[in-house]
Structures are given as C-alpha cells and as structure tokens.
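>>> Need the 3D shape of this:
(one chain, ligands or ions: 1)
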Amino acid sequence: MIGAIAGDIIGSVYEHSQIKTKDFPLFHPRSVFTDDTVLTVAVADAILTGRPYQLSVREIGRRYPGVGYGRAFIDWLHSDNPQPYNSWGNGSAMRVSSVGFAFDTENKVLKEAKKTAEISHNHLEGIKGAQATALSIFLARTGCEKEEIRMEISQRFGYDLKRTVDDIRPTYSFDVSCQGSVPEAIIAFLDSRSYEDAVRNAISLGGDSDTLACITGGIAEAFYFFERCEQRRANPVDIGLNVCSVGFRHNNATWPDFAGHCLILPRVVE
Ligand SMILES: [Mg+2]
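Predicted structure coming up:
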C-alpha cells in the first residue's frame, strides 16, 4: 500500500503534463498526494476498523476536498443518498491495493475488491479493474512469478498483457477508464526490474500518471518487497496501514509529513 501511495505522489506532477520518458526526478517541489492516496487510505481504514467501505470512503474522502476527484465522484461523496453510478473509471483500481495485502485467499481478495468497487464503480469494467489490481497484488506478494501473474490476470479478466511498455507508449494518451489504464499499469509492473523502474515505466506511458503509478506501485511493492525480502515478513503492512489510517483520521496527514511516513516506513521495517 505504501508502494501505491508513493506511486501517486511521484506521478502527481505528471498527471496534467504527461511525459514519454523514464528520465525524470522522482520527487519535485510540487509532488503531492492526491485522491488516489486519500481513497487508498480510506479503503484500508475500512478494513482495519471493520466499517463499511462506503462509510470510510465518504468520511475520509470528504475530509480531503480538492485532491483531484472526478465530478461524479464529488456528487456521490456529498449526496444524502449515495448510489453507485455505473462508473468504469480507474478510481476503483486506484483505491483497492490494501485488499490485495490484507486478505489471505484469492476468492476473498476478489470478493472484497468487488465490494470496494461497487459502492460507486459498479460497471463491470470498474469491478474488473479493482479485482485485477487487487489480485495482481495478492499473487505478487504470495510468491507468483511475473509470467504466472500475466497468465492468470489476462485469462481471468481478458486483458491483453502481451504488450510491452515500449509497444504502448508511442500511441498511448490520458485515459481514465479501467479498461484503458489497468492493463497498461499491470504491464508497467511486468516490464520492470525494480519498484522504481515500475513506477518510471507507468509514468513514461504519458497517461493518467498518478493513477497509473499508484496501481503499478502497489503491485511492484508486493512483488519486490514482500515474499522476496526476508525482513519484511514482520508484517510491515499493518504498521503502514495504521500509521496512514491514524494520520488521516486525525486530519493531520499533510505533505511533507505524510510523504515522510510513506518514504521512511519501508526503511524502518527493513
Ligand atoms: Mg489522482
């Protein structure tokens, strides 16, 4: 989940000024956390507290206005009677990473990912995007190799994951749909050599950069830092989730303090 948040922050500068290169500074004076981070934390908060997803997402989401929500989502956040609005936007995928880290079986991950999506993004593609992201994280953190992840996700969700980042980049542009960004974010991970390389791949596609890097970053964190790193078996996720969740609940998670937590936590647990 920290990987998803760091991806959002790193990508934030390039959401509205896309780039087609992997050569860029990871952090910039204008780097901020955006809606991807706030809603990622909100979903994690629901898991930790046992509250319904809708309650946490609306409560924490409303506490952080102006971080990049879409118009329909803002209406939903403030509605007296919030109903799912059949969205296929990648908002369902950008907030789901904690599900892939928190649950212990494939079936439970798929079921919970669907639940997080359908509070608002109940279009089939919205649900698929959340499930594919969470399942990729689950498979990565439980020791699957990249080719197994590629096969499982493409067979189950019908995504074309045979392409490479270099195939996609020349013609890719800003796309906020799940079907037009989740497969590309997964490929950014599959094509990578490290966490940082994965995030650079995602941003270099020149699309919805913070969200692509957030989705890619969660999967890359699971793959590069979990089962493959002995020390991380001390369950850093719980530590990370709690720090983020508490910070946001107390409304004091401000940049750069919050970024400090994101960036320091992985080092602390190592
Ligand atoms: Mg965003």
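
>>> So which residues on this structure come close to the ion?
Contact residues, the chain versus the ion (CB under 5 Å from the ion): T34, D35, D36, G68, D210. Every residue, glycine included, has its C-beta placed from N, CA and C.

>>> Could you tell me which of those residues belong to helices?
Mapping the residues of the chain next to the ion onto helices (DSSP state H) picks out D35, D36, D210.

>>> need the contact list for the first one.
Translated: D35. G61, Y64, V67, G68, Y69, F73, G91, M94 (CB atoms under 8 Å, 6 or more residues apart in numbering).

>>> Could you rerun that using 6 Å?
Applying CB atoms under 6 Å, 6 or more residues apart in numbering to D35 gives the contacts V67, G68, Y69.

>>> neighbours around the second one, how many?
Put plainly, it is G68. Using other CB atoms under 10 Å, G68 is surrounded by 19 other residues.

>>> residues in contact with it?
Contacts of G68 (CB under 6 Å, 6+ apart): T34, D35.

>>> quick one: it and P84, what's the gap?
Remark: distance between G68 and P84 (CB to CB, to the nearest Å) = 20 Å.

>>> now the first one
Summarising the geometry, the distance separating V67 from P84, computed by CB to CB, is 21 Å.

>>> just checking, what packs against the host helix or strand of R62?
Assigned by DSSP states H and E, R62 falls within helix 53-63. Where contact means 3 or more CB pairs under 6 Å, 6 or more residues apart in numbering; DSSP states H and E, helix 53-63 is packed against helix 35-49, helix 71-78.

>>> let's go with 10 Å and repeat that
helix 35-49, helix 71-78, helix 106-118, helix 236-249 (3 or more CB pairs under 10 Å, 6 or more residues apart in numbering; DSSP states H and E).

>>> Reformat these as TSV; add mean pLDDT.
Putting these into TSV (pLDDT from 0 to 100) gives the following:
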stretch	mean pLDDT
helix 35-49	95
helix 71-78	97
helix 106-118	98
helix 236-249	42
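
>>> Apart from its neighbours in sequence, what residue is nearest the residue in the stretch 101-250 of the chain that the ion sits nearest to?
Taking CB to the ion as the measure, the stretch 101-250 of the chain has D210 as its residue closest to the ion, at 4.2 Å. Computed as CB to CB, 6 or more residues apart in numbering, the closest residue to D210 that is not its neighbour in sequence is G11, at 3.7 Å.

>>> Can you tell me which residue of this protein sits closest to the ion?
For the chain, CB to the ion, closest residue to the ion: T34, 3.4 Å.

>>> Please report how far the residue nearest to that residue when sequence neighbours are not counted lies from I9.
Closest residue to T34 apart from its sequence neighbours, by CB to CB, 6+ apart: G68 at 4.4 Å. Separation of G68 from I9 (CB to CB): 12 Å.

>>> Overlap in contacts, the two.
Residues touching both G68 and I9 by CB atoms under 10 Å, 6 or more residues apart in numbering: V32, F33, T34, D36, T37, D210.

>>> Isn't A72 up against W88?
No: assessed by CB atoms under 10 Å, A72 is found out of contact with W88, at 11.3 Å.

>>> so what's in contact with these two at the same time?
With contacts taken as CB under 10 Å, 6+ apart, the residues that reach both A72 and W88 are H121.

>>> So which of those two has more stuff around it?
Taking neighbours as other CB under 10 Å, A72 and W88 compare with W88 leading, 20 against 15.

>>> before we move on, the earlier item: quick one: work out the angle between the helix holding R62 and helix 106-118.
Going by axes from the mean of the first three to the mean of the last three CA atoms, to 10 degrees, helix 53-63 is angled at 50 degrees with respect to helix 106-118.

>>> list the buried ones in helix 53-63?
Residues Y53, Q54, S56, V57, R58, E59, I60, G61 are the ones in helix 53-63 that count as buried (16 or more other CB atoms under 10 Å).

>>> roughly how far apart are the fifth one and Y64?
Between R58 and Y64 the computed distance is 12 Å (CB to CB).

>>> Next: G129.
22 Å.

>>> So between the two, which is more surrounded?
Set G129 next to Y64 and count neighbours by other CB under 10 Å: G129 wins out with 33 against 20.

>>> I9 contacts D210, correct?
Yes: using CB under 10 Å, I9 is in contact with D210, at 7.9 Å.
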